[in-house]
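In: sharing a sequence plus its predicted fold:
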Amino acid sequence: MERAKYLCGYGTTPHNDINWYKYRLDRILSEWIEELSWQDVRVPQILREIHDNYQLPTPKTVNTKLKEAWGCDFYKPESLMLLRFEQEFHQSYINGISIHDTFAQITYEQAIKLIQQHILNHEHRQKLMQILQSRSSSDAYYQVNYRVKDYYVIRWLRALGAKVEVLLPWDLRQEMICEIRDMVNLYDKS
């Protein structure tokens, strides 16, 4: 991570389930760290079974997961994202860069098909189709598999601001709209 060092570990999370979790190293107190044997009763049974059956994730497993979808939180579910960039910005800043293995430019027509396929709610689909019809077909459209709620991905989208438009998924689009409204309200009060 860029601003702080994290330890990504597999085990009991603060939410008391067995999964991956990122621990910020500067917030871990040394007195909390204790090496346990796999036979220790404090090691959760399910984690012990995963270890005993040689099913603990390996670096190869992690790398494979990272290649499947954009984002650092490789243990989170993946989803399809559809983005739009105005042509001029695309030519200057996006064209030719490597965001992720699944980051691929598509046509305007393919963007329409993705919206029709992935938005099940008729009202939402109709609204997005109207929005897309109001956009230029010469703009650049990209699809990418991403990790849902991955902070790295969200931060990248925030940094581009009005230079990128999230078309899919609907929930992420709505989240971006709310954040932008909150930001406008913050600055509008000054």
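Out: Perfect, thanks for sending it.
In: Gln143 - how many residues pack around it?
Out: The local packing count at Gln143 equals 19, with neighbours defined by other Cβ atoms under 10 Å. C-beta here means a position set from N, CA and C on the backbone, and glycine is covered the same way.
In: that should have said His124, apologies.
Out: Here the number of neighbours of His124 (other Cβ under 10 Å) works out to 15.
In: give me the contacts around stretch 175-190.
Out: Contacts to stretch 175-190, defined as Cβ atoms under 8 Å, 6 or more residues apart in numbering, come from residues Leu157, Arg158, Val166.
In: again, only using 10 Å
Out: Contacts with stretch 175-190, where a contact means Cβ atoms under 10 Å, 6 or more residues apart in numbering, come from Lys149, Ile154, Leu157, Arg158, Gly161, Ala162, Val164, Glu165, Val166, Pro169.
In: pull the most distant pair out of these.
Out: Using Cβ to Cβ, the two most remote members of the contacts of stretch 175-190 are Lys149 and Ala162, lying 22.4 Å apart.
In: neighbour-wise, which of these two wins?
Out: Between Lys149 and Ala162, counting by other Cβ under 10 Å, Lys149 is the more crowded of the two (15 against 8).
In: which of the three states applies to that one?
Out: Secondary structure of Lys149, reduced to three states by DSSP: H, G, I helix; E, B strand; the rest coil: coil.
In: let me see the contact set for the closest residue to it other than its chain neighbours.
Out: Distances taken as Cβ to Cβ, 6 or more residues apart in numbering put Lys76 closest to Lys149, at 6.1 Å, once the chain neighbours are dropped. Taking Cβ under 10 Å, 6+ apart as the contact definition, Lys76 lies against Asn19, Trp20, Lys65, Ala69, Tyr146, Arg147, Val148, Lys149, Asp150, Val153.
In: three-state assignment of the third one?
Out: Going back to what we said before, that points to Lys65. Applying three-state DSSP to Lys65 yields a three-state assignment of helix.
In: do you know how far it is from Lys76?
Out: 10 Å (Cβ to Cβ, to the nearest Å).
In: which ones are touching Leu80?
Out: The neighbours of Leu80, taking Cβ under 10 Å, 6+ apart as the test, are Ala69, Thr102, Leu114, Gln117, His118, Gln143, Val144, Asn145, Tyr146, Leu168, Pro169.
In: quick check: phi and psi at it.
Out: Listed backbone geometry of Leu80 is phi -90, psi 140, with angles given as degrees, to the nearest 10.
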